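[1] can't give you the sequence, but here's the structure:
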């Protein structure tokens, strides 16, 4: 590939963005693992805190993806590559500095997101199980209250009076 200072600057930026994205996904992976433990321990406050942190991370990743998209479009314009699903694989087929680093970061991001996805599926199952347990316990409590009321209800006893009784 011919040396182009603008292209090299864009490639360095792209590599930096992917490296930052990888770091953010690693944080999200840690949060997903912590969420699993938090669900098991029934710590609702910590779970809410972790979900808030995760939401902030997702926003950061979305902003970063916008920068990646813009940089990819600029690189594609310089190299006459179409910005489509094959853009990265077409870019990685070219010879440029730090190509191995970019390839490694993209591979790592894919693996980390797969692991996050698997953890999220497991966490959803755990939440569903906990929800079903709580429903079951609530049903038992309600049923117990109904039984208690039926056995321990106060019977109102009033002396019967006839309205038509003559005095």
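    Received it, and whenever you're ready, just let me know what you need. Everything numeric in this text was worked out from a predicted model, so none of it was measured. Numbers count the residues shown, from 1 in each chain.

[2] Where does the prediction get shaky in this protein?
    By pLDDT under 70, the low-scoring segments of the chain are 1-3, 83-84, 146-167.

[3] in it, which helix has the most residues?
    helix 99-151 (DSSP state H).

[4] Distance from that one to the middle of the chain?
    Put simply, helix 99-151 sits 11 Å off its chain's centre (Cα atoms, centre = their mean, to the nearest Å).

[5] Quick check: which helices or strands does it pack against?
    Contact partners of helix 99-151 among helices and strands, from 3 or more Cβ pairs under 8 Å, 6 or more residues apart in numbering; DSSP states H and E: helix 5-40, helix 87-92. No exception for glycine: its C-beta is placed from N, CA and C like everyone else's.

[6] can you rerun that using 6 Å?
    Counting contacts by 3 or more Cβ pairs under 6 Å, 6 or more residues apart in numbering; DSSP states H and E, helix 99-151 is packed against helix 5-40.

[7] In contact with residue 86, which residues?
    Applying Cβ atoms under 6 Å, 6 or more residues apart in numbering, one finds that residue 86 lies in contact with no residue.
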